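[1] okay, predicted coordinates and the sequence, questions at the end:
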Amino acid sequence: MKIRFNYMTPTTAAFRTALDTKVRGICEMSKRVIYTSPTKPSEILQADKENIDPNMNRRLPRKKHSKSRLALLNVKNTTRVLPVRRSLRFANEAGEVPPEQSENNDKKESKSRKGRLVKVHFLRVYHLYLRNCAMETSSSFNADYNNSALFRGDTDFTRAIHSMIKAVMFRDTGTVFFTENGMKITVEDYQYVQANVFVQRAMFNDYVLVGSGIDFRIKLPMLCECLNFLGSSTSGNGPRLELSYMRDGAPLRLILEECGVVTDCRIKTLRPEDYVEFDFSTDKITCKVIMKPDFLRDAFLDVDSSSEYLELKIDADKGFTIAATGPTGDVKTEFPRNSDVIEIFSCNESQHRKFRMSLLKPAVKALQLANKVSIRLDNKGFLSIQYMIDFNGETILSPSSLRLAVTNMDMAVQLSERWNLLSFLRPNDQGASVVCYVKALQVLLDVELYRARNGKGIQLKTGNCVATSESFRVNAVHAYSFEKLVNSIGNAFNKLIQDTVQRRICTQVKHLIDGPFNEQLMNMANKVNLIIPEMDVQSNGSLWNSKRSLIEGMMLDYGLVREPYLHQNAIITMHSGEISWQGNGGTPFSPNQIITSLEMNDRMLNVFISEYVINSLLYALWKKGAFDATVNKNTVPHLSQLMSSNCYLGMCLGDVVSSAGVPDVSEDEEFEIFITAEKPPEMLFQDGLAKFISYNKATLHSNRHGPLFHFTGTTVGYMRLQVLDGSSIFGKLNITKVQISNHPNSIYKLGNMELDFVSSITQTVLQQLIDEVSSNGLNLPKQNGLSLGRAQINVVGNSLKVDLDFQFDQHILEEFGIKLPEIRTADVF
């Protein structure tokens, strides 16, 4: 759940007076047209797109509409899998075959089949769609009343909804919207400030909406009083709430129930008013700050309440500043961009804006409920404040069901085990068979998602299934002289057989999901190696060869950490994401929250990888000493001249040691550098790049004098990732800074010039080691029967986003035909 405040910059007094007069006129007599929803979905979509009344063919007086939204989700996992593409393509690895060639090949192959095998041919590409099901559930409160309502729903988050509405109740009336995405309450003050409360659809146990949307005005104090009737409730989220709205102009009915106590309320509704739909596009945002709300609330409270204006200054280099001037003095609070208070700081252009303090006061009250707050400014000075609110650790509930739709599929089924009587028409072993051709098959299947018994994987439970097809044809094969006769008889029975085939297809699909598919999901490993041992990785670097076994021993845990749920036609799953040695765990720090918008693109799968995933890998490697290195002429051959006291270059380590006052440096003396990581390296995602920081100490050792110098150093680099061939991830880390200083316990001290020389050597060695590791890349993981490809990778917010497509292997599709003879039901040919 979230709350958003939108603000406009101050205008002149004359303009505001005129605007107030206009608003009062609109309040007195609204010209908004209220209409009933059309019956056809296409009319609903077209009416929503063009903003017209589909029944009256009259355009509605509404302001410019903006679909830009920022989703701030309280996600305590580290990897988010978002399958957001609405079409799923199934094709052979060799590519698509032209329809004519495919049909000829199918006919040839069907002639060569023997025995009782049922062969299924997919002649066209078909698609998979996901959407929420309107699952009707019985209600204990006046079922007849609710069944005919335009909207009905129930939720257990009564106390949370009451708190959010109360936080934005700076006017007596507000507009309530019920849409396909959930419930929204909008409160507006003279078109200067607007507050929106969002309650996602998934937070309702039952949510049934007739039409594309409903809106009406309501008295907010009365609504809050009804929601708080059972204010002494001892349950965490309050009593159970049931909402229903019969028709336009009808009262909103609220039924609250707890421990047998039932309260029935009916609140009179008002005609909706025109409201401003602020055009806050994400592409116009210049500054965005996500921070902890407690510190922002303290900064607002420090401001003198008599101050007329509040200044917001966001500097791209320094950070975020709040300032105000009042009769008692000036107040200024600064938040540096790298402070612990700020989680995300993104600013393309510095902003310095003034806002009326009276307009910002309602935003302070909502800070008491928030877990995080987002402050955004666009290039016109439009301010948007969003609050992410988490009640009892849960923000979204699991859905009850989803619907899978397979459409536009042509299929040929060879039934050689049926119609055995035809085998007598041909005395050879080949026999006769029947081929059923189904055109434009469509299968609608309700599937419920739940976590497996082991708590890690996903299981599916099938529900209702409906299969339809555009046309159906049955042909006999290998009947020869009797083929025309059999086909003419089959044409007469096509309609009769079509219904049976369609029911049989549903039976087979449900059998595959409830049986083999769920079994495969149950047996699917929750942990995978980062580098598969069978990979052929070639590298000549000695440093990489000594570390490769450590990389191969690391395992990624992608077991579920909560129930899967649906969001805007996408299935969202949350995974552990911890990387550890042999999958044993033991990471001493907790996952951070992923803050990003759930935006769809043309990929079927979106994976959000937080900093925790990468840092858990770095910690596990650090524990195994992967970042400890010895630099000598054997491990880094091309630096052998520098690692001696006698070289033909301008400067080598022998010269450095002599200049530092080490006595008796011989000409054949050799040196080594031992590098040790003092603590685990860190990886931070910010400003579209991955920032790498390591903390090391080093010792310069001589084969004659032993340890001579001790150093401490910090290394900073920035990584860019790319995908080659659609399935392999490669990274390029450029080390931009290596700072080395003398350790206090060092026997000898180096000057600044010598320290710079050692820094250059260290930077060269680390760059080579990183290049060798990253040059091999990581192949995308592949599960049995599923392959990934067409990947692209970007840094989004505080996470690494990987967009890719997935494809089922051919043997999974063939399983559909192989399993068909095993079904023994009354629904047979």
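    Noted; the coordinates are in hand. This structure is a prediction, so every number in the text was calculated from the model and none was measured.
[2] please report how far Gly182 lies from Tyr245.
    15 Å (Cβ to Cβ, to the nearest Å). (Glycine included, C-beta is placed from N, CA and C.)
[3] between those two, which one's more packed in?
    Tyr245 (21 against 18; other Cβ atoms under 10 Å).
[4] the more buried one contacts Phe151, correct?
    Yes. Using Cβ atoms under 8 Å, Tyr245 is in contact with Phe151, at 4.5 Å.
[5] tell me, how many neighbours does Asp298 end up with?
    Neighbours around Asp298, by other Cβ under 10 Å: 11.
[6] so which helix or strand takes in it?
    helix 293-302 (DSSP states H and E).
[7] what of Val199?
    strand 193-200.
[8] repeat that for Lys510.
    Per DSSP H and E: helix 494-512 holds Lys510.
[9] do the same with Met753
    helix 752-776.
[10] Asp154 too?
    Going by DSSP H and E, Asp154 is in strand 151-155.
[11] may I have the helix or strand following that strand exported as CSV, CA atoms only?
    Downstream of strand 151-155, the next assigned helix or strand under DSSP H and E is helix 158-167. In CSV, the C-alpha atoms belonging to helix 158-167 read as follows (Å, rounded to 0.1, in the frame of the first residue of the first chain):
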residue,chain,number,x,y,z
THR,A,158,-9.2,-2.7,7.9
ARG,A,159,-7.0,-0.9,10.4
ALA,A,160,-4.4,-0.2,7.8
ILE,A,161,-7.0,1.4,5.4
HIS,A,162,-8.4,3.4,8.3
SER,A,163,-5.0,4.8,9.2
MET,A,164,-4.1,5.8,5.6
ILE,A,165,-7.4,7.6,5.0
LYS,A,166,-7.1,9.4,8.3
ALA,A,167,-3.5,10.5,7.3
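[12] name the helices or strands packed onto the helix or strand following helix 158-167?
    Where DSSP H and E defines the elements, the next helix or strand beyond helix 158-167 is strand 173-179. Counting contacts by 3 or more Cβ pairs under 8 Å, 6 or more residues apart in numbering; DSSP states H and E, strand 173-179 is packed against strand 182-189, strand 213-219.
[13] contacts only, for Asp557.
    Listed by Cβ atoms under 8 Å, 6 or more residues apart in numbering, the contact set of Asp557 reads Asn526, Lys527, His575, Ser576, Gly577, Glu578, Ile579, Ser580, Gly583, Gly585.
[14] of these, grab the buried ones for ChimeraX.
    Restricted to buried positions by 16 or more other Cβ atoms under 10 Å, the ChimeraX selection for the contacts of Asp557 reads:
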select :526,527,575,576,577,578,579,580,583
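[15] so where's the stretch 101-250 of the chain uncertain?
    Counting by pLDDT under 70, the stretch 101-250 of the chain has low-confidence residues at 101-147, 231-237.
[16] next: the stretch 301-450 of the chain.
    For the stretch 301-450 of the chain (pLDDT under 70), the answer is 390-404, 407-408, 413-434, 449-450.
[17] test my guess that Met522 contacts Ile458.
    No. Counting by Cβ under 8 Å, Ile458 is not a contact partner of Met522; they are 9.4 Å apart.
[18] the more surrounded of those two?
    Ile458 (17 against 14).
[19] and Thr155, how close does it get to Lys365?
    Distance from Thr155 to Lys365, by Cβ to Cβ: 23 Å.
[20] would you map the helices across the stretch 651-800 of the chain?
    653-659, 752-776 (DSSP state H, counting those that start in this stretch).
[21] from those helices, which stretch is densest packed?
    Stretch with highest mean neighbour count among those: helix 653-659 (a mean of 20; mean count of other Cβ atoms under 10 Å).
[22] same for that one, what does it pack against?
    strand 671-686, strand 689-702, helix 752-776.
[23] residues contacting Phe685?
    Counting by Cβ under 8 Å, 6+ apart, Phe685 has contacts Glu611, Lys691, Val795, Gly797, Asn798, Ser799, Leu800.
[24] check contacts around the last one.
    The one in question is Leu800. Phe608, Ile609, Ser610, Val613, Ile614, Phe685, Ala690, Leu721, Ile793, Asn794.
[25] so the fourth one sits in a strand?
    No. Going by DSSP: H, G, I helix; E, B strand; the rest coil, the assignment for Val613 is helix, not a strand.
[26] so it is in contact with Ile579, correct?
    Yes. Val613 is in contact with Ile579 according to Cβ under 8 Å; the separation is 6.4 Å.
[27] which neighbours do these two have in common?
    Joint contacts of Val613 and Ile579 (Cβ under 8 Å, 6+ apart) are Leu556.
[28] re the thing from before, Serialize the helices and strands packed on helix 653-659 to CSV and add fields for mean pLDDT and distance to Arg159.
    Formatted as CSV, these follow (pLDDT from 0 to 100; distance: least, Cβ to Cβ, whole Å):
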stretch, mean pLDDT, distance to Arg159
strand 671-686, 86, 35
strand 689-702, 85, 41
helix 752-776, 74, 50
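[29] now distance to Val662 too, for those, in TSV please.
    Below are the helices and strands packed on helix 653-659 laid out as TSV (distance: least, Cβ to Cβ, whole Å):
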stretch	distance to Val662
strand 671-686	11
strand 689-702	8
helix 752-776	11
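[30] Lys439: which of those is closest?
    The closest of the helices and strands packed on helix 653-659 to Lys439 is helix 752-776. By Cβ to Cβ, the value is 48.3 Å.
[31] that closest one to strand 689-702, inter-axis angle?
    120 degrees (axes from the mean of the first three to the mean of the last three Cα atoms, to 10 degrees).
[32] angle of helix 752-776 against strand 671-686?
    60 degrees.
[33] show me what helix 752-776 packs onto, helices and strands only.
    Partner elements for helix 752-776 (3+ Cβ pairs under 8 Å, 6+ apart): helix 542-552, strand 629-631, helix 653-659, strand 671-686, strand 689-702, strand 706-724, strand 728-742.
[34] mind checking the end-to-end distance for stretch 790-802?
    From its first residue to its last, stretch 790-802 covers 10 Å (Cα to Cα, to the nearest Å).
[35] quick one: strands adjacent to the strand holding Val199?
    Strands adjacent to strand 193-200 in the sheet, as given by DSSP bridges, are strand 2-7 (antiparallel), strand 182-189 (antiparallel).
[36] what about the strands in the stretch 251-400 of the chain?
    Ranges of strands within the stretch 251-400 of the chain are 252-258, 261-267, 269-270, 285-291, 309-315, 319-326, 329-336, 342-347, 351-356, 372-378, 383-388, based on DSSP state E, counting those that start in this stretch.
[37] circling back: joint contacts of Tyr245 and Phe151?
    What both Tyr245 and Phe151 touch, as defined by Cβ under 8 Å, 6+ apart, is the set Phe178, Ile214.
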